[in-house]
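*Asks:* Give me a 3D structure for the following:
(chains A, B and C)
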Amino acid sequence: MSGTAQPRSSQYSFGKASRLLTARDYSRVFDGAEARASHKHVLLLAKQNDQPGHRLGLVVAKKNVRLAVQRNRVKRLAREMFRQADAEPPFMDVVLLARRGIDQLDNAELSSILRGQWRKLARRVSEADTSESRGR
RNA sequence: CGAGUCGGUCAGACGAUCGCUUCGCCCCGGCCUUGGCUGCGGCGGGGAGGAAAGUCCGGGCUCCAUAGGGCAGGGUGCCAGGUAACGCCUGGGGGGCGCGAGCCUACGGAAAGUGCAACAGAAAGGAUACCGCCUGGCCGCUCACGCGGUCCGGUAAGGGUGAAAUGGUGCGGUAAGAGCGCACCGCGCGGCUGGCAACAGGCGCGGCGAUGGUAAACCCCACUCGGAGCAAGACCAAAUAGGAAUCCAUACGCUGCGGCCCGCAGUGGAUUCGGGUAGGUCGCUACAGGCAGGCGGCGACGCCUGUCGCAGAUGAAUGGUCGUCCACGACAGAACCCGGCUUAUCGACCGACUCACUUC
RNA sequence: CGGGGCGUAGCGCAGUCUGGUAGCGCACCACACUGGGGGUGUGGUGGUCGUAGGUUCAAAUCCUGCCGUCCCGA
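*Replies:* Numbers count the residues shown, from 1 in each chain, chains lettered A, B, ... in the order given. Predicted coordinates for the structure are as follows:
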C-alpha cells in the first residue's frame, strides 16, 4: 500500500477544496443523498457535485464517541482513507457519520472498514449515474 | 540492603515516506495606478497537556456609566506575609495522628438575641428527687441492738435513661452529702514577661448553682463582592428597511439593568401578522511569559542583568504507513488568555530526609 | 464554548427550604368473592435515597468533591 506510494502530490493532497465547508454544503447532501453505504459503525451519504473532485464532510457526534481524543482519531483515519482513495469521476460530496462503538476499533480495523464502505459507495454512485442516463 | 516520607523532572526514541495547518522568502499568474489583495507551486521554520479535563474559585479583556450611593443577597473566617487577585501559596500558632521523617485540620463569636434536641429518662437549660442514702416525728414488731411502714425535711456521692445530666481526681469533712474546705488539673478574671500578631509562659484572685451542645440553624462581628460573558464585542456585505393590526402612553412612563430604591444616560413602547439572516474580516495571541546568572528574604516571592520567540485551527490542523530498538508506551486533545484548586493517570529518573537490620 | 436543572421501590412522583417516622399511585405476591379469567376487596413484599467524604448525638434533608442524565444560548 503505502510502501508502493508514489509522490503524485496532486492526487494525494487534501486541502480545503476537498472538504465540505459550510452548513449549506452539508444540508445539500443530507437532503438529496443519491447513494448510501451503511455499516455497523459508520454511515456514508453521497451526492454528485459539479466540482473537479470528491469532497468529504465528517460528522462524529459527541453522543456516539465520548472522548475528544477518539473523535479526532476517527476523523484523521477517515481523511487519510479519503486522501488515498481513487479520484475518478463521477465526483461526489460525501458525508461520513460515525456510529456508536466506532472508537472500540483499532486503526487497522477501522481503515479496512472505511476502504470497503468507500468502494461500495463509489460503485452505487456510478450505478445510479448510468441508470439515470439510461432513464433519460 | 529493606520499609517509608517529602520535593522535583520526563511523558517512547530514531529513520524513511505520504499528508494537514500556519509563518517567512522566492517563482509564475490575476485584480489593481507606484503598494496592497489574491491563486498555484518550491524551499525553510513552528505546530497540544501535566492535567489541554471538571468549570469549583480568582484576575485580565470586552460591553453595559468612568461601575457611583443605599437596601437586599452571596463569599471568606486562628495570626503574619506573598500576589494582579483568590476560597491559592509561604511561614508561624492551637488541636489531632504517627516510633520518626512528616501528615491532617471550615480553627472568629454560644456571658447580644431567637430557635432546635426524636426516643428514653424523675429531670434536657438559668431543669429535676424515680430508685437509693441520712437526721427526726409517729405507728407496728422486739427484752434489747435493730427491722418494717409512713410523714416533715436534708442530699446529687451511688443506681438507672440518654449523644449529652450542671467541672475531674485524691484527701479531709459530714447524720448522709455537697467546692463545704484543701492540693493538683481544667475553667474564668486581672496584671507581668516574650512575640508585629495568633499565642505561649508564669504570678495573683475567684470556689466554679456561672459561662452545657448546636452558628456546614437563624444570627452577630470583621473583611470582601456591580452585571454579563469571546456565541463578549467591533467592522464589511446583506438585512433589521418599508409595512399591517391591536393595546398602553405623552411621563411618577419605558429602555440600558440581573432583585428593589436612588443616581446616570437615552428615548415612545408591547404583542401579533407578514418578511428576512445565521457569510466574511478582526478580536486571536507578546506576556502578571520561559530559561540562565546575580542580589535581598527562613520561605512563598521580589528586584536587576542577559537571552529566547514558544500552537492559533474555524467542520475545526499536529496524522497515516513501514523499518529498527527498548523499560512495549497510562490518563487523555488547545478553541480569548493567565494564576490556582479538584479529578484521571503506565511507568522511569533525580535530590533531601526518617526508621529497622547487618558490616566496618 | 458558556449558562442552568434533575438523580428516592420495577415505573412515574412526594418528602429536602424548616435534620429524628422514608410516603403515594401503578406494578408484584397471598387470600376472599367466581366454575375459571377479568374485576373488586383485604393484607403484604420491595428502597446502599446516584457516589465518596465532612458537620451534627442524629443526614434523603446541611456543606464539599466526583459520576450520570436532561435542558437552554448562534
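*Asks:* Now the helix or strand hosting A:Arg76: buried residues?
*Replies:* Under the assignment given by DSSP states H and E, the secondary-structure element containing A:Arg76 is helix A:68-84. By neighbour count with 16 or more other C-beta atoms under 10 Å, helix A:68-84 contains the buried residues A:Gln70, A:Arg71, A:Arg73, A:Val74, A:Lys75, A:Leu77, A:Ala78, A:Arg79, A:Met81, A:Phe82, A:Gln84. The C-beta positions use only the backbone N, C-alpha and C, and glycine is treated the same way.
*Asks:* which other helices and strands contact that helix?
*Replies:* In terms of contact count using 3 or more C-beta pairs under 8 Å, 6 or more residues apart in numbering; DSSP states H and E, helix A:68-84 is assigned the packing partners strand A:55-59, strand A:92-98, helix A:107-135.
*Asks:* Lowest average confidence across the ones you listed, which one?
*Replies:* Comparing those by mean pLDDT, the weakest confidence falls on helix A:107-135, with a mean of 79.
*Asks:* List the buried residues for that helix?
*Replies:* For helix A:107-135, the buried set under the neighbour-count rule, 16+ other C-beta under 10 Å, comprises A:Leu110, A:Ser111, A:Ile113, A:Leu114, A:Gln117, A:Trp118, A:Lys120, A:Leu121, A:Ala122, A:Arg124, A:Val125, A:Asp129.
*Asks:* give me phi/psi at the closest residue to A:Ser126 other than its chain neighbours?
*Replies:* The spatially closest residue to A:Ser126, leaving aside those adjacent along the chain, is A:Pro90, at 6.5 Å (C-beta to C-beta, 6 or more residues apart in numbering). The main-chain torsion angles of A:Pro90 are listed as degrees, to the nearest 10 and equal phi -70, psi 140.
*Asks:* Good, we can wrap up now.
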